[in-house]
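Engineer: What follows is a predicted structure for the sequence shown.
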Amino acid sequence: MCRRLGELREGGPNGSRQRDIREPTAGGGRSLLACRYRQLLLRNTIINETRNEVRGERHLSRPAERRAARERCERAKSECRRGKRVGRHRREKTMAGVHASNLEWLCAAREALPAFDGLRLHSLGMAANGKSVLWVDDEAELLEPHRMFLRDKGFIVESATNAEDGAELLRRRPFDLVLLDEQMPGMRGLDAFREFREIAPNLNIVMVTKSEEDTTLMEALGADVSSYLVKPVTPRQVYAVVARLLEGTRIHHQALARRFVERFRELQAESFRNLDWRGWIDRFTELTQWDLDLVTACETGLTETLRGLYPDMRREFAHFMRRAYPQWVSNLSGDRPPLSVDVAHEFLLPIIERDRQALFVVIDCLRLD
């Protein structure tokens, strides 16, 4: 029976090899699954034959069949190894293509940011950075739709009906923001604000009140509240304030990265050779500002990409100065930037004439970049 099964897998009665056309192949050979199955089948055949020999069921043709089975097993192993090498080669080739251009990868990643921002994380029960909100208001039941809206946006929201309970919650666990009603039974909102700040000095506190009196507004602003809302408020108004205070920095950084990617592509397409001296000043001013903004936003990858432009730009600027400077010196009345010969006449003398005195400091080789 084992021999018959081997014939069915190896070929038909005529010795012709057959293969299931539905079986996928890898690298021009059998699929890895078929190799595994074939190897397992041949191994079981050898095991069964060995057991039969131990029981005394020898046959004169068994040694030859066993050698053939071993050879088929070795071929199956070789095909499996070859399939693995082909798969590994394809993966390495794919990775090489991915890392071929670091800039293209960064641009693609930045283009995917809007789609990433649109993902809803409320299924995880927390905001992207685990932001939590405490709402202290004696009308907690009426504000449940507002809290549900914030939870749908991914924030963790807890509530308290008075200032004392709110202070106790703050002592038990940290919160990122507090929505505090100004008019509540017991402790007033502004008094609670001072107590909350003693518990958590860096806590964002938004005052929510029905009062439209200027004195209440000025008192709240004088207490340095993070923001101020006048009831009635809609859920989206509350969300706008919460998102600005808790996610504003992250949203700003992502928007900055997207703007930089768009502008970087334009810079790559533009030619430096067509810039005049005013164009060079504007270009260096722009790139310096981009550099400062990206460093502030901790965008290390984009900062390195930007600085990759500097060597070519400095080389082109050196060529520009080599051509333009002799023309500026030879024609001082022409279109040129201020030079050292203009400092005293254009900048120093007007100050002396107006103020009668001036402190003149000369700093050599001060470069904007």
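Structural biologist: Sure, I can see it. Numbers count the residues shown, from 1 in each chain.
Engineer: For the rest of this, base every contact and every neighbour count on C-alpha atoms.
Structural biologist: Noted.
Engineer: Quick one: low-confidence residue ranges for the stretch 201-350 of the chain.
Structural biologist: Within the stretch 201-350 of the chain, the stretches with pLDDT under 70 are 212-214, 217.
Engineer: Could I get the full set of strands for it?
Structural biologist: Along the stretch 201-350 of the chain, counting by DSSP state E, counting those that start in this stretch, strands occupy 204-209, 227-230.
Engineer: Just the residues contacting the last one, thanks.
Structural biologist: Which is strand 227-230. Ile205, Val206, Met207, Val208, Thr209, Lys210, Ser211, Glu212, Leu217, Ala220, Val241 (CA atoms under 8 Å, 6 or more residues apart in numbering).
Engineer: neighbours around the first one, how many?
Structural biologist: Residues near Ile205, counting by other CA atoms under 10 Å, number 24.
Engineer: Do I have it right that it meets Val178?
Structural biologist: Yes. Ile205 is within contact range of Val178, at 4.8 Å (criterion: CA atoms under 8 Å).
Engineer: how about CSV for the contacts of strand 227-230, with distance to Ile281 added?
Structural biologist: Output for those, formatted as CSV (distance: CA to CA, whole Å):
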residue, distance to Ile281
Ile205, 44
Val206, 44
Met207, 46
Val208, 48
Thr209, 51
Lys210, 53
Ser211, 53
Glu212, 50
Leu217, 46
Ala220, 46
Val241, 39
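Engineer: What is the neighbour count of Ala324?
Structural biologist: With other CA under 10 Å as criterion, Ala324 counts 14.
Engineer: Can you give me the distance of it to Asp276?
Structural biologist: 9 Å (CA to CA, to the nearest Å).
Engineer: Could you do Gln237 as well?
Structural biologist: From Gln237 to Asp276 the distance is 49 Å (CA to CA).
Engineer: what does Glu299 give?
Structural biologist: Look at Glu299 and Asp276: by CA to CA, they are 31 Å apart.
Engineer: repeat for Gly248
Structural biologist: Look at Gly248 and Asp276: by CA to CA, they are 39 Å apart.
Engineer: same deal with Trp290?
Structural biologist: Distance from Trp290 to Asp276, by CA to CA: 21 Å.
Engineer: More neighbours: these two, which one.
Structural biologist: The residue with more neighbours, out of Trp290 and Asp276, is Trp290; 18 against 13, by other CA under 10 Å.
Engineer: Please name the residues that touch that one.
Structural biologist: By CA under 8 Å, 6+ apart, the residues touching Trp290 are Phe260.
Engineer: from the contacts of strand 227-230, which would you call buried?
Structural biologist: Using 16 or more other CA atoms under 10 Å as the burial test, those include Ile205, Val206, Met207, Val208, Thr209, Leu217, Ala220, Val241 as buried.
Engineer: from the residues you listed, which is closest to Pro185?
Structural biologist: Pro185 lies nearest to Thr209 out of the buried ones among the contacts of strand 227-230, by CA to CA, at 13.2 Å.
Engineer: Was I right to think the closest one contacts Arg188?
Structural biologist: No. Between Thr209 and Arg188 there is no contact under CA under 8 Å: 10.9 Å.
Engineer: Which parts of the chain belong to which domain?
Structural biologist: Domain ranges of the chain: 2-98, 122-243, 270-337, per automatic domain parsing.
Engineer: Show me which residues of stretch 335-347 are buried.
Structural biologist: By neighbour count on 16+ other CA under 10 Å, the buried set for stretch 335-347 is Arg336.
Engineer: re earlier: what do Thr209 and Arg188 both touch?
Structural biologist: Applying CA under 8 Å, 6+ apart, one finds that Thr209 and Arg188 are jointly contacted by Glu182.
Engineer: doesn't Leu169 fall inside a helix?
Structural biologist: Yes. Leu169 sits within a helix when classified using DSSP: H, G, I helix; E, B strand; the rest coil.
Engineer: Distance check, it against Val157.
Structural biologist: According to CA to CA, Leu169 stands 12 Å off from Val157.
Engineer: what do you get for Glu266?
Structural biologist: Between Glu266 and Val157 the distance is 44 Å, computed by CA to CA.
Engineer: higher neighbour count, these two?
Structural biologist: Val157 (20 against 11).
Engineer: Counting by contacts, list what whichever strand or helix holds Ile352 packs against.
Structural biologist: For Ile352, the host element (DSSP states H and E) is helix 349-355. Where contact means 3 or more CA pairs under 8 Å, 6 or more residues apart in numbering; DSSP states H and E, helix 349-355 is not packed against any helix or strand.
Engineer: How about residues contacting that helix?
Structural biologist: If you take CA under 8 Å, 6+ apart as the criterion, helix 349-355 is touched by Gln357, Ala358.
Engineer: Would you quantify the distance from Val136 to Asp176?
Structural biologist: Going from Val136 to Asp176 by CA to CA gives 14 Å.
Engineer: Looking at the two, which one has more neighbours?
Structural biologist: Higher neighbour count among Val136 and Asp176: Val136, with 27 against 18, using other CA under 10 Å.
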